[in-house]
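Participant: what's the 3D shape of this:
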Amino acid sequence: MKFIKKNALTEEPENRQKIENELLMGLESNERIPYMFDWREKARECFTKVAIKNQKYCGSCYSFAVTYAMAKRFCIKNPAAYSTLDLSVEDLLECDYKNLKCKGGIIPYTWEFTESTGVCSEACKPYYSGESKIVNECALYCSDYRQSYLKYKNKRYTLQNGRSDNDIKVHVFRSGPVVTGMTACPDLSMYRGGIYINVPAFDDAEKCGGHAITIVGWGYHSTYKNYWIVANSWGDTFGEGNGYFKIPFGHMGIGKDGGFASEPM
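Facilitator: Presented below is the predicted three-dimensional model:
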């Protein structure tokens, strides 16, 4: 696998002004999108108290990505109330009948579920399907009967899709992380830092597949140009040691189908 040294990641592009001007298209007159942006820096209190979780053997990346993005959007809107919010992947897997549990799901369907039904907290329903890949029937109560089964919901009919890289940037900058898809191959698990570039020689193409991830920001590199900052669902030891990785715009199909998110209640 090919990586770029970490100390090269913050080089400023010579055409910084041109890049910033291109981002102004479609924005309000008082908005300006920076050429580098990271919600982990902008809203630190929302990204330091809850570790990235591991989906393990269950094909539940879509559920992890949406609940992660949703929790961060709640916190960005109201940090004092939601800085420790951790939403239940298991509740979504159990009760969202449009998707296929541990066999995968569709990102827009998952966001629509958060609008119509909502999800409870991780404390209410901890994730347990990662090892067995078995999901129980929808239970409208917490694993611990002493807890109240409270739902966190997004506003109805607020699902948006950024259909281009610039659109995704605008959505992320305005409201918080968005969920998108990419093709993930086995070599991604070897990533330890820098900018991820797939090396086909290391991969078995039959083991590559669709993967949902969460975009939390972007940066610029002199060689690979624009890259996304992405939260994965392979635990907090993956990647740079915190569960995140960096990938060039468009690489492995990232963002090809847009970036999806709904607005918190």
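Participant: Residue 44: how many residues sit nearby?
Facilitator: Residue crowding around residue 44 was assessed by other CB atoms under 10 Å; the count is 12. Quick note: C-beta positions are derived from backbone N, CA and C, even for glycine.
Participant: let me fix that: residue 173
Facilitator: 19.
Participant: how much space between it and residue 227?
Facilitator: Noted for residue 173: a distance of 16 Å to residue 227, by CB to CB, to the nearest Å.
Participant: cool, and residue 76?
Facilitator: 22 Å.
Participant: same deal with residue 207?
Facilitator: From residue 207 to residue 227 the distance is 24 Å (CB to CB).
Participant: Please apply the same query to residue 70.
Facilitator: Counting by CB to CB - residue 70 and residue 227 are separated by 24 Å.
Participant: and if you look at residue 144?
Facilitator: Relative to residue 227, and taking CB to CB, residue 144 is found at 41 Å.
Participant: Between those two, point out the one with more neighbours.
Facilitator: residue 227 (24 against 10).
Participant: Looking at this protein, which strand is longest?
Facilitator: strand 209-221 (DSSP state E).
Participant: Give the buried residues for that strand.
Facilitator: 210, 211, 212, 213, 214, 215, 216, 217, 218, 219, 220, 221 (16 or more other CB atoms under 10 Å).
Participant: can you check stretch 70-85 too?
Facilitator: Under the neighbour-count criterion of 16+ other CB under 10 Å, stretch 70-85 has 70, 71, 72, 73, 74, 75, 76, 77, 82, 83, 85 buried.
Participant: check contacts around the first one.
Facilitator: The one in question is residue 70. 87, 114, 119, 152, 154, 262, 264 (CB atoms under 8 Å, 6 or more residues apart in numbering).
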